[in-house]
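K.L.:
I need the structure of the sequence given here:
(2 chains)
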There are 2 protein chains.
Amino acid sequence: MKKVTVAVALRESILDPQGVAVKGGLVQLGFAGVEEVRIGKRIELLVADETTDAMIHEMCQKLLVNTVMEDYRFDVEEVTTA
Amino acid sequence: MKKVTVAVALRESILDPQGVAVKGGLVQLGFAGVEEVRIGKRIELLVADETTDAMIHEMCQKLLVNTVMEDYRFDVEEVTTA
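P.N.:
Predicted structure coming up:
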């Protein structure tokens, strides 16, 4: 099996209201020095060995990622399942 | 500045309905070999150099993570901002 970890984030040029809200919360809790917060998705897929990078890109572009507003990248690890 | 990347995921023992739904979607789109899907959050923080690991743990436990249902881990990178 392969473990694919996809990191999805809003494009840099797009305002992240969730991140702005969390930053405000951290500052209110007294955490000084928080310059910026950006929130994204982290998707873990356990897939068959035959799954190619091209198939993973296709999964991202067809379902996992809103390619209009989001960027993504992924890492692939071989895993041995018991 | 430091760039902190926090990976937040539902505890393994907890059912991930979002992941189940996405897996169903991928299978419907014809992607065979998808064994499991788990969806989590990926939080990027840009913080001052003085921010310690203990402070980052405190940010996670106080605001960023639901410690009842979620696990987290984070990586810290030095970044030079222009």
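
K.L.:
And the strands in chain A, which stretches?
P.N.:
All strands of chain A, identified by DSSP state E, fall at A:2-10, A:34-47, A:70-78.

K.L.:
Who are the packing partners of the first one?
P.N.:
Using 3 or more C-beta pairs under 8 Å, 6 or more residues apart in numbering or on different chains; DSSP states H and E as the contact definition, the elements that strand A:2-10 packs against are strand A:34-47, strand A:70-78, strand B:34-47. C-beta: built from backbone N, CA, C; applies to glycine.

K.L.:
distance of A:L26 from A:T67?
P.N.:
Distance, A:L26 to A:T67, by C-beta to C-beta, to the nearest Å: 30 Å.

K.L.:
so what's A:E58 up against?
P.N.:
Residues counted as contacts of A:E58 (C-beta atoms under 8 Å, 6 or more residues apart in numbering or on different chains) are B:F31.

K.L.:
if we can go back for a sec, with mean pLDDT, mean neighbour count and distance to B:V76 as new columns, can the strands of chain A be given to me in a markdown table?
P.N.:
What follows is the strands of chain A, written out as a markdown table (pLDDT from 0 to 100; neighbours: other C-beta atoms under 10 Å in any protein chain shown; distance: least, C-beta to C-beta, whole Å):
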| stretch | mean pLDDT | mean neighbour count | distance to B:V76 |
| --- | --- | --- | --- |
| strand A:2-10 | 96 | 19 | 16 |
| strand A:34-47 | 96 | 20 | 14 |
| strand A:70-78 | 96 | 13 | 18 |
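
K.L.:
B:A54 is nearest to which of those strands?
P.N.:
Evaluated over these, closeness to B:A54 peaks at strand A:34-47, with 15.1 Å, by C-beta to C-beta.

K.L.:
just how off-centre is that closest one within its chain?
P.N.:
4 Å (C-alpha atoms, centre = their mean, to the nearest Å).

K.L.:
That one to strand A:70-78, inter-axis angle?
P.N.:
Comparing the axes of strand A:34-47 and strand A:70-78 via axes from the mean of the first three to the mean of the last three C-alpha atoms, to 10 degrees yields an angle of 50 degrees.
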